[in-house]
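Q: below are the sequence and a predicted model for it; my questions follow.
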Amino acid sequence: MFKKVLIANRGEIAVRIIRTCKELGIKTTVIYSTADKNSLPVFLADESICIGEAKPSASYLNIPAIISAAEISGADAIHPGYGFLSENPGFAEVCRACGIEFIGPSSETMVVMGDKAQARNIAQKAGIPIVPGSDAVKEPKKALQFAKEIGFPVLVKAAHGGGGRGMRVIENEKGAEELIGMAMAEAEAAFGNGEVYVEKLILNPRHIEIQVIADKHGNVIVLGERECSLQRRHQKVLEESPSPFVDKNLRIKLYESARKITSFIKYEGAGTIEFLVDKDKNYYFIEMNTRIQVEHPVTEMVTGKDLIALQIKSAEGEQINISDPDLNGHAIEFRINVEDYKKNFRPTPGKIEKLLLPGGFGVRVDTHIYEGYSIPPYYDSLIAKLIVHGENREKAIKRGQRALSEFFVEGNIKTTIPFHIKLTEDDNFIKGNLDTKVLEDKILDRIVKNK
Amino acid sequence: MFKKVLIANRGEIAVRIIRTCKELGIKTTVIYSTADKNSLPVFLADESICIGEAKPSASYLNIPAIISAAEISGADAIHPGYGFLSENPGFAEVCRACGIEFIGPSSETMVVMGDKAQARNIAQKAGIPIVPGSDAVKEPKKALQFAKEIGFPVLVKAAHGGGGRGMRVIENEKGAEELIGMAMAEAEAAFGNGEVYVEKLILNPRHIEIQVIADKHGNVIVLGERECSLQRRHQKVLEESPSPFVDKNLRIKLYESARKITSFIKYEGAGTIEFLVDKDKNYYFIEMNTRIQVEHPVTEMVTGKDLIALQIKSAEGEQINISDPDLNGHAIEFRINVEDYKKNFRPTPGKIEKLLLPGGFGVRVDTHIYEGYSIPPYYDSLIAKLIVHGENREKAIKRGQRALSEFFVEGNIKTTIPFHIKLTEDDNFIKGNLDTKVLEDKILDRIVKNK
Amino acid sequence: MIDKIEKLLKSLESSSIEELEIEIDDLKVKAKYYRQKPTETLIVEKISETPVQQTAIQKNIPEQNKIASENIHIVKSPIVGTFYRAPSPGTEPFVKEGDFVENGQTLCIIEALKVMNEIESDAPGRIVKILVKDGQPVEFDQPLFEIEKV
Amino acid sequence: MIDKIEKLLKSLESSSIEELEIEIDDLKVKAKYYRQKPTETLIVEKISETPVQQTAIQKNIPEQNKIASENIHIVKSPIVGTFYRAPSPGTEPFVKEGDFVENGQTLCIIEALKVMNEIESDAPGRIVKILVKDGQPVEFDQPLFEIEKV
């Protein structure tokens, strides 16, 4: 068992990891930047080490400083959380070279799954459905030819990056070559590599992902799906488990596919396999995230399993021989950000003068904020995750509405709490009629204009 | 369905009831005393009505003022919470006479179950085991005769009151009559009626209670047991569900007995049947509480059922036709009081200057405190209930320790948080070797002296 | 006796008593405790106060501090109930704004549990303002009348 | 009687009583205690700051504000690592308390990732205090030396 884990992250996920470590009897060291001196993880951890200035490159992305901190603290493992270095194969490599266990998969796995084209190939080899499309292509003409083969509309995507840059929807052949060229130029500018691939565009798909945990002995546990279709600019805003759209039949198929690819790549640790699902319940692998995810709590709430604990257990080399847990009830996560949703979700960092956190039955809050805390402007705007659980989706929604109504954050900031309250009252949401475009196309306008 | 419920209580239980009402779409009115003007229930409820001065007799026990408040607010039901008027049959009677539903059983049931001697008779008639003992007796000589019949040691208890006053353990015949006389005098002084009853003393019993919910159509649902043996001066300090001592066989028997008496008295609403269980797993009915209890959340955590919602549903006259839920995992409740445990648990009301509430997976907090809140000195010292849930008892304890370690309350007050931290490290607790005396006899001294 | 006084003074240490006067036979004791006041700076106040909710009933309560000037006496409701200005519907109200009232003069009725409770003035003076409307529900301690002492 | 009063007054020394008056027969005593009032800003600060934890590493950080007087310059660690006073074990330390140092003069080594990083003085002056011990782990921005500017 690990004696001490260094947490190479900040905010709520650092708090989350400290909590499980405490429950497991593992000491914790958190690293922090000068901007996070008064942060909750620093207060809660057994030990904290300042490693650099506020900007991420000087601190949370500063590999030498983190490794040095791990060495002086005597930590035997590093938990990278999500974001920052969590999907950086180089960091995993360095950790292991220094004799420190990286809590995550091997760097080889991270390299492969971090490259969309390679990941597609793997999925195909593992025998799971992928979105019909090309390999990585350099020339616009070749890309166009593929597009014609699989049929319009198609999606052109950067092969070596994410976040929507270098991405283009092409409706039909007219002007297609030019559009492809523009996408390639964008990809080149953003990621230093202009290769793209061309995919069949799945119309109004749902984003549904499967959580897996794999140990170092070949055991793979599948822990249900998460419905993550509610997105704004490809950012998830609310997640739930189970998906209101997945029936028993589809769930069996998704489980089978997730297990197949996880076993095929000899994956280790916690991972998420993301699928697009069309209205006819056809599903297509899109990518695998080789880390714990922001939205993991909804899975914990319906399975009763502590994913961070399982992740650590896997890294320790222990056998995880439990069967796939049943999904019990329904869980929803609301991402609470310091953003002014009426002003295009502009971030509003500032000081929290007054705070009331929701509580009671079926309510969980994962947060690093407290009354008097100043949210630094250098990092992301997530300040809390409100997770609710109920016997069924309807009750979970009601509970979510109740919990949101008693969640008070005051200060020179705005939060997305009022946005979520309105979202839970939206008919599309209540009926579970979700897809990756519904928020932007049908819901957002109504909420912002307060209709 | 009720449109508006008036909550005739304060503190965490008022918050608890408001939460469920919100989830059910029922409006809430809370009454409050002048001392509770800035309290959380007043802030969270849809409507609040000040009904009198701080002292309970002028406010939370002031029946005319409460009824008047219900009338002006247009509430169609009153939830009495626990304590105050929750077991006052007169109040229930007045509510109904005024056309307001009292959320609880009939006043007749309350009268019968509020009288220990009558309750014993009922239990006996219902065919469930009771502690061998006498009817209510007035004369010391008669009491002595009973004591001899059932054999020493015996317990002499006031027939018309509780809280330990008028209670005496009598080890053997020597001086027994005088001791009985003293108990009677105490009972007379405390409750205006000197009648006592004489019971066989169960040595080192466990206090185990069964939660039931009954609707108005004869359905009785049994929702597991609660282990409440950890007591100080007959006050529970920590409760859990399931009991580490109850096996499948005993559980079946306890369920059956609880169901029998609940059906026998045609009970309606949420109720608790308390049993003493000796080391050989013999069990004896002691009393029935005709209200929701402080420790109800542990049952909610292992059954997944909202007891306040079921209580309201029952009062609305709905059918509750669910089967007895399985008990899932293990839950523990820590009662956090403003008390200085090193000074004989002396209450320390005061102002909360700084507050961090625990959170995360498997942690629930039911509380009415917030940063800046001044705890008034007029009411009880409970400021929060920390409830944790885990896959098994061991994990629940670890989670409890973790949650307690991150629960910070600062100000000119002391809380029982450090007491609970030490309690969770005690060997008797960890092993589940509990009885109603273990805290006072074996644990308390060690904790206070910090051994 | 002094010993008893000592015991008493100490026992009140953690109470919220600020000032105490005792007279017994020939002994007279006055004590003033230091009590930490929560109203130290504006920031503290803002932090420490839960915003009081606007309920249907509270909405109509004027801010007490504003009007509690030297000459103004506030008559508050001693019970929860419904406020009536007149002895019965259609009759003249007990008092109007501008009226002079005596100590003990009936100002209104508060109906609680079907009982009509006559509320009397606890100060003589001129009715400056009637703070609640006829038929309005009132809570305990709610200001009803402003009386200007003359 | 005076003795009893004396006893009483002393016994209230650590109470929160601020003023006390006693009249008994012909004796009249007035006492006023000095009670230190927590200043307002202090409380606000205390309220709004999460107490910074004392970790093994932070424990040795002196309070910066105290020492940051006009003439004192603090040399802080630019990296996380282990602090060494000498170029190698058994050799003389780079500097001792009392030494005068130049701008750019090596003050110590911080080992990070098996690399020995020489830390140079960023101000000339006299070393007043060395704030960390040989072989001690240091974090980013941790004060290492106090230099008195001359």
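A: Great, that's in hand.
Q: near chain D, which residues of chain A are found?
A: Selection of chain A residues close to chain D by Cβ under 8 Å from any Cβ of the partner chain yields A:34, A:37-40, A:42-43, A:45-53, A:59, A:64-65, A:67-69, A:71-73, A:98, A:370-373. Using the backbone N, CA and C atoms, a C-beta is placed for each residue, glycine as well.
Q: just those residues: which are in helices?
A: If you go by DSSP state H, the residues of chain A next to chain D have A:40, A:42-43, A:64-65, A:67-69, A:71-73 in helices.
Q: what angle do the helix or strand hosting residue C:10 and helix D:2-11 make?
A: Per DSSP states H and E, residue C:10 falls inside helix C:2-11. Here the directions of helix C:2-11 and helix D:2-11 differ by 10 degrees (axes from the mean of the first three to the mean of the last three Cα atoms, to 10 degrees).
Q: any part of helix C:2-11 near chain D?
A: Yes - using Cβ under 8 Å from any Cβ, we find that helix C:2-11 touches chain D at C:2-3, C:5-6, C:9-10.
Q: ok, then the element right after that helix?
A: Moving toward the C-terminus from helix C:2-11, the next helix or strand (DSSP H and E) is strand C:19-24.
Q: returning to that earlier point: so which of the ones in helices among the residues of chain A next to chain D comes closest to residue A:237?
A: residue A:40 (23.3 Å; Cβ to Cβ).
Q: enumerate every residue touching that closest one.
A: Contact partners of residue A:40, counting by Cβ atoms under 8 Å, 6 or more residues apart in numbering or on different chains, are A:15, A:367-370, A:373, B:356, D:50.
Q: out of those, which are close to chain C?
A: Applying Cβ under 8 Å from any Cβ to these, none is adjacent to chain C.
Q: name the member of those residues with the most neighbours.
A: Neighbour counts for those peak at residue A:15, which has 25 neighbours (criterion: other Cβ atoms under 10 Å in any protein chain shown).
Q: quick revisit: from the contacts of residue A:40, which is closest to residue B:396?
A: residue A:15 (20.2 Å).
Q: quick one: list the elements packing against the strand or helix carrying the closest one.
A: According to DSSP H and E, residue A:15 maps onto helix A:11-24. If contacts are counted by 3 or more Cβ pairs under 8 Å, 6 or more residues apart in numbering or on different chains; DSSP states H and E, helix A:11-24 sits against strand A:4-7, strand A:27-33, helix A:40-44, helix A:307-315, strand A:363-367, strand A:382-390, helix B:393-405.
Q: centre of the chain versus that helix, how much separation?
A: Remark: helix A:11-24 is offset 17 Å from the chain centroid, using Cα atoms, centre = their mean, to the nearest Å.
Q: repeat for stretch A:408-426
A: Distance, centroid of stretch A:408-426 to centroid of chain: 21 Å (Cα atoms, centre = their mean).
Q: let's see it as CSV, backbone CA atoms only.
A: Extracted C-alpha coordinates of stretch A:408-426, given in CSV (Å, rounded to 0.1, in the frame of the first residue of the first chain):
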residue,chain,number,x,y,z
PHE,A,408,-26.0,30.6,-1.9
VAL,A,409,-22.7,32.1,-3.0
GLU,A,410,-22.4,35.8,-2.5
GLY,A,411,-19.6,38.2,-3.4
ASN,A,412,-18.4,40.1,-6.4
ILE,A,413,-18.9,37.0,-8.5
LYS,A,414,-21.6,35.3,-10.5
THR,A,415,-22.2,31.6,-10.5
THR,A,416,-24.0,29.3,-12.9
ILE,A,417,-26.4,28.2,-10.1
PRO,A,418,-29.3,30.3,-11.6
PHE,A,419,-28.5,28.9,-15.0
HIS,A,420,-28.8,25.3,-13.7
ILE,A,421,-32.1,26.1,-11.9
LYS,A,422,-33.5,27.2,-15.3
LEU,A,423,-32.0,24.2,-17.0
THR,A,424,-33.8,21.8,-14.7
GLU,A,425,-37.0,23.5,-15.6
ASP,A,426,-36.5,23.0,-19.3
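Q: contacts for that stretch, please.
A: Outside stretch A:408-426, the residues that reach it (Cβ under 8 Å, 6+ apart) are A:230, A:237-238, A:334-342, A:345, A:348-356, A:369, A:375, A:383, A:386, A:397, A:400-401, A:404-405, A:407, A:429-430, A:439, A:443, A:446-447, A:450.
Q: about what we covered before: just the residues contacting the helix holding residue A:15, thanks.
A: A:1, A:5, A:7, A:9, A:27-28, A:30, A:39-41, A:44-45, A:79, A:81-82, A:292, A:294, A:306, A:308-309, A:312, A:366-368, A:379-380, A:382-385, B:360-361, B:395, B:398-399, B:401-402, B:405-406.
Q: which among those residues end up buried?
A: Buried positions within the contacts of helix A:11-24, assessed by neighbour count (16 or more other Cβ atoms under 10 Å in any protein chain shown), are A:5, A:7, A:9, A:27-28, A:30, A:39-41, A:44-45, A:79, A:81-82, A:292, A:294, A:306, A:308-309, A:312, A:366-368, A:379, A:382-385, B:360-361, B:395, B:398-399, B:401-402, B:406.
Q: contacting residues for the residue of chain C most remote from its centre?
A: No residue in chain C sits farther from the centre than residue C:3, which is 37.2 Å out by Cα atoms, centre = their mean. Neighbouring residues of residue C:3 by Cβ under 8 Å, 6+ apart: residue D:4.
Q: local confidence estimate at residue C:56?
A: Note on residue C:56: pLDDT of 37.
Q: gap between the spatially closest residue to residue A:76 that is not a sequence neighbour and chain C?
A: Take residue A:76 and drop its neighbours on the chain: the residue closest to it by Cβ to Cβ, 6 or more residues apart in numbering or on different chains is residue A:2, 5.2 Å away. Counting by Cβ to the nearest Cβ, to the nearest Å, the separation of residue A:2 from chain C is 40 Å.
Q: A helix includes residue A:2, no?
A: No - secondary structure of residue A:2 (DSSP: H, G, I helix; E, B strand; the rest coil): coil, not part of a helix.
Q: how does the chain divide up, domain by domain?
A: Answering for chain A, as no chain was given. Annotated domains of chain A cover A:4-103, A:132-200, A:206-448 [automatic domain parsing].
Q: meant chain C, my bad for not saying
A: C:2-58, C:66-149.
Q: just those: most buried one?
A: domain C:66-149 (a mean of 17; mean count of other Cβ atoms under 10 Å in any protein chain shown).
Q: how far away from the center of its chain is that one?
A: 12 Å.
Q: show me where chain C has helices.
A: Counting by DSSP H, the helices of chain C are C:2-11, C:42-48, C:64-67.
Q: between the ones you listed, which gets the lowest average pLDDT?
A: Among the helices of chain C, helix C:42-48 scores lowest, with a mean of 27.
Q: residue C:78 and residue C:120 touch, don't they?
A: No - contact criterion Cβ atoms under 8 Å: residue C:78 and residue C:120 do not qualify, at 10.0 Å.
Q: now the residue in the stretch 351-451 of chain A that chain D sits nearest to: how far from chain C?
A: Closest approach between the stretch 351-451 of chain A and chain D, counting by Cβ to the nearest Cβ: residue A:372, at 3.7 Å. The gap separating residue A:372 from chain C is 8 Å, by Cβ to the nearest Cβ.
Q: right, I'll call it a day here.
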